[in-house]
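Asker: Give me a 3D structure for the following:
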Amino acid sequence: MTTFVFPPSTYLPVAIGFFGLGTGYFIWGGQALTGYPAPSPEVNRTMGMWGLWMPGFMQFTTGIVLLIGLTWFNVFGHTPPLYMAALAFTAFGIHWFAMAHRRFIGSSELPDAWMAIAFFILSVLGVVIFIAAKDVPVAIVFIGLSLIYLTESPTRFGVLPGGAKLVAIWQLLTGIWLMYMTWAVALNISLGAHLWV
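Answerer: Numbering: from 1, shown residues only. Okay, here's the model as predicted:
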């Protein structure tokens, strides 16, 4: 049996996932908060396309690369919290595929109330793991995600009036933090900077 050993890689693809999700939150959160552009079938189809490619595809790609690098090729070393990152990027990428398709075809968003429960639980798991790993910047991402889904579920169930605006605020704030994380990871890897990540 031939065994291949690959050299360790410091080029974690996480900035790709951070940027994709941050862009999605700017687009969807910005439109929900400001009402611009006004919802229409054309606008919803465009929002669906952006949701599919940026937060959907970019997170899914990041998650799969992390999973393969951790499990098949062991190029990211023994870094157990990366498993949580791989799980989250993959799950959230597929979640955005579904939301984007729903918005593209104009189907109901009410079942998202149940989806938000599962993604709240996954987000809290991320908070627990990254706080325990003393990785506060990534834990902040998961705190933002937790707030989004904690608010979205009762909003979709119709028990939190005005909740859609609050979801949008959490999305924009999390999007801003994700853009910082994108810059920090890219500068640290590319230029040897020492930004907080």
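Asker: How far off centre is stretch 170-185?
Answerer: Put simply, stretch 170-185 sits 10 Å off its chain's centre (CA atoms, centre = their mean, to the nearest Å).
Asker: Residues in contact with it: which ones?
Answerer: Residues outside stretch 170-185 that contact it (CB atoms under 8 Å, 6 or more residues apart in numbering) are 12, 14-15, 18-19, 21-26, 28-30, 32-33, 137-138, 140-141, 144-145, 147-148, 151, 193, 195-197. All C-beta atoms are positioned from the backbone trio N, CA, C, and that covers glycine.
Asker: Make a PyMOL selection of whichever of those turn out to be buried.
Answerer: Command for PyMOL, covering only those of the contacts of stretch 170-185 found buried under the criterion 16 or more other CB atoms under 10 Å:
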select buried, resi 12+14+15+18+19+21+22+23+24+25+26+28+29+30+32+33+138+140+141+144+145+147+148+151+197
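Asker: Just the ones of the contacts of stretch 170-185 in helices?
Answerer: Secondary structure of the contacts of stretch 170-185 is defined by DSSP state H; positions in helices are 14-15, 18-19, 21-26, 28-30, 32-33, 137-138, 140-141, 144-145, 147-148, 151.
Asker: which ones are touching the residue nearest in space to the middle of the chain?
Answerer: In the chain, the residue lying closest to the centroid (CA atoms, centre = their mean) is Leu21, at 4.5 Å. With CB under 8 Å, 6+ apart as the criterion, the residues that contact Leu21 are Met54, Pro55, Met58, Gln59, Phe92, Gly175, Leu178.
Asker: Which residue is the nearest non-sequential neighbour of the fourth one?
Answerer: The reference is to Gln59. The spatially closest residue to Gln59, leaving aside those adjacent along the chain, is Gly93, at 3.6 Å (CB to CB, 6 or more residues apart in numbering).
Asker: Do I have it right that the one you found meets Phe60?
Answerer: Yes: counting by CB atoms under 8 Å, Gly93 touches Phe60, with 2.9 Å between them.
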